[in-house]
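Trainee: I would like to see how this sequence folds:
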Amino acid sequence: MVALAAAALLVAPSLPAATAAPAARAAAPVQEVTGFGTNPGQLKMFRYVPDGLARGRPVVVVLHGCTQNAAGYGTGSGWTELADRWGFSLVLPQQQPLNNISSCFNWFQTGDTARGQGEAASVAQMVDRQLADVAGNSSRVYVTGLSAGGGMTAVMMATYPEKFAAGGVVAGLPYGCAQAAGSPWVCMSAGGGQSPRQWGDRVRAARPGYTGPWPRLTVFHGTADTKVGPVNMTGLADQWTDVQGADQAPDVSDTVAGYPHQVFHGPGGDPVVETYRVTGMAHGQPVDPGTGSEQCGAAGANLLDVGMCAAYRMGAGWGLAG
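Mentor: Residues are numbered from 1 along each chain as shown. Below you'll find the model as predicted:
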């Protein structure tokens with residue numbers, strides 16, 4: 001317990017993200033949900049369901065960063081705005097200080113990152129409850145998060161791949177990075193030092209015998225991020241191209257909103273990994289406040305106005321706009 005507490009104290013100050021001021025007031029409230037399962041990770045569940053949402057709509061799980069809360073990150077990142085615009089619901093897990101002093105999801109603790117255990121199991125139970133309550137489309141469930149929430153996004157994709165069509169990691173880390181590097185701190189600063197096959201083996205070991213399909217991955221990372229090194233975006237791309245049976249050579253290399261963008265196709269020709277290298281951006285979530293069709297989010301601490309909204313890019317790429 002002392003070692004785990006020390007790890008939490010080590011990681012928490014390195015992944016800060018204060019709650020942003022909300023953008024426009026949402027039409028429906030963010031609501032807490034209780035009794036969603038055994039909740040072995042002792043998390044809280046919140047959700048956002050637009051008024052009049054039809055049956056059979058997608059579900060997006062949105063995981064906040066350290067020192068944030070579920071509602072603040074859901075709004076500041078732009079996801080509640082897009083849920084209203086495009087018609088889908090949100091699951092908004094929230095960490096508790098009793099688990100982590102700075103409310104970071106414990107992406108680096110083995111007891112919270114294995115299938116059927118801890119925080120990973122709690123989030124999976126939230127998905128099941130949400131699908132049942134809103135009659136959501138179980139084949140169109142997605143997961144995304146910032147920083148520690150991005151690390152937990154990779155955990156969910158690896159441990160419960162059958163539940164997610166795609167995932168989006170923002171300033172986060174590959175699955176198993178803390179264990180590969182020997183410590184969370186080394187992982188965050190220097191990466192895990194694994195080959196693509198070694199990275200992929202960590203994912204495959206999280207769900208033995210699984211034959212797919214694996215979730216598609218989208219990654220955003222700032223080149224000036226000194227808290228979680230950009231090397232972790234390379235690790236994520238290596239990990240998930242290997243899992244998907246793709247090579248490490250991008251099939252598309254262009255720019256989006258002025259930033260380098262790459263797409264990797266799987267053996268069937270479909271996009272399986274997509275990366276956005278946000279030039280000059282520090283640690284945080286890309287947002288683009290405004291009323292334009294591609295704009296969303298609200299600028300704040302670790303919610304950075306860089307002229308591109310990551311939530312919009314993810315949602316559009318996943319087909320949520322349709």
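Trainee: Put the alpha carbons of the helix or strand where Asp133 lies into CSV.
Mentor: Here Asp133 is covered by helix 118-134, with elements defined by DSSP states H and E. The C-alpha coordinates for helix 118-134 follow below in CSV (Å, rounded to 0.1, in the frame of the first residue of the first chain):
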residue,chain,number,x,y,z
GLY,A,118,-10.4,-2.6,-10.4
GLU,A,119,-11.1,0.5,-12.4
ALA,A,120,-11.1,-1.2,-15.8
ALA,A,121,-13.9,-3.5,-14.6
SER,A,122,-15.8,-0.6,-13.1
VAL,A,123,-15.7,1.3,-16.5
ALA,A,124,-16.9,-1.8,-18.3
GLN,A,125,-19.8,-2.1,-15.9
MET,A,126,-20.7,1.5,-16.6
VAL,A,127,-20.9,0.8,-20.4
ASP,A,128,-23.2,-2.2,-19.8
ARG,A,129,-25.5,-0.1,-17.6
GLN,A,130,-25.6,2.8,-20.1
LEU,A,131,-26.4,0.5,-23.0
ALA,A,132,-29.3,-1.0,-21.1
ASP,A,133,-30.7,2.3,-19.8
VAL,A,134,-30.6,4.3,-23.1
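Trainee: I'd like to know which elements it is packed against.
Mentor: Taking 3 or more CB pairs under 8 Å, 6 or more residues apart in numbering; DSSP states H and E as contact, the helices and strands that helix 118-134 lies on are strand 30-33, strand 44-48, strand 59-63, strand 89-94, strand 141-146, helix 148-159. (Glycine included, C-beta is placed from N, CA and C.)
Trainee: Just say which of these is most tucked in.
Mentor: Mean neighbours per residue, mean count of other CB atoms under 10 Å, is largest over these for helix 148-159, with a mean of 30.
Trainee: Which other helices and strands does it contact?
Mentor: Contacts defined by 3+ CB pairs under 8 Å, 6+ apart place helix 148-159 against strand 59-63, helix 118-134, strand 141-146, strand 166-170, helix 196-206, helix 231-244.
Trainee: Quick one: low-confidence residue ranges for the protein.
Mentor: 1-27 (pLDDT under 70).
Trainee: Go again with 50.
Mentor: Within the chain, the ranges that satisfy pLDDT under 50 run 1-26.
Trainee: who wins for proximity to Pro50 among the helices and strands packed on helix 148-159?
Mentor: helix 118-134 (10.1 Å; CB to CB).
Trainee: Just the buried residues of that closest one, please?
Mentor: Neighbour-count burial for helix 118-134, counted by 16 or more other CB atoms under 10 Å, picks out 118-127, 129-131, 134.
Trainee: Next, the angle from it to strand 59-63.
Mentor: Relative orientation of helix 118-134 and strand 59-63, computed by axes from the mean of the first three to the mean of the last three CA atoms, to 10 degrees: 150 degrees.
Trainee: Ser253: what secondary structure?
Mentor: strand (DSSP: H, G, I helix; E, B strand; the rest coil).
Trainee: For the closest residue to it other than its chain neighbours, which residues are in contact?
Mentor: Take Ser253 and drop its neighbours on the chain: the residue closest to it by CB to CB, 6 or more residues apart in numbering is Gln262, 5.2 Å away. The contact partners of Gln262, by CB atoms under 8 Å, 6 or more residues apart in numbering, come to 237, 250, 252-253, 274-275, 277.
Trainee: Check Gly266 too.
Mentor: Residues in contact with Gly266 (CB under 8 Å, 6+ apart) are 244-246, 272.
Trainee: Could you save these as TSV and add columns showing neighbour count and distance to Pro161?
Mentor: As requested, those are exported to TSV (neighbours: other CB atoms under 10 Å; distance: CB to CB, whole Å):
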residue	neighbour count	distance to Pro161
Gln244	23	11
Gly245	13	14
Ala246	22	16
Val272	24	12
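Trainee: Now distance to His283 too, for these, in TSV please.
Mentor: Shown next, in TSV, are these (distance: CB to CB, whole Å):
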residue	distance to His283
Gln244	27
Gly245	32
Ala246	28
Val272	26
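Trainee: Pretty sure Thr110 sits against Gln179.
Mentor: Yes: using CB atoms under 8 Å as the test, Thr110 is close enough to Gln179 to be in contact (7.0 Å).
Trainee: Those two - which one has more neighbours?
Mentor: Neighbours per residue (other CB atoms under 10 Å) separate Thr110 from Gln179, with Gln179 holding more: 16 against 12.
Trainee: my guess is that one contacts Gln109, does it?
Mentor: No: contact criterion CB under 8 Å: Gln179 and Gln109 do not qualify, at 10.0 Å.
Trainee: Can you get me a residue count around Gly212?
Mentor: If you count neighbours by other CB under 10 Å, Gly212 ends up with 11.
Trainee: does it really touch Pro161, like I thought?
Mentor: Yes: look at Gly212 against Pro161 with CB under 8 Å: they come within range, at 7.5 Å.
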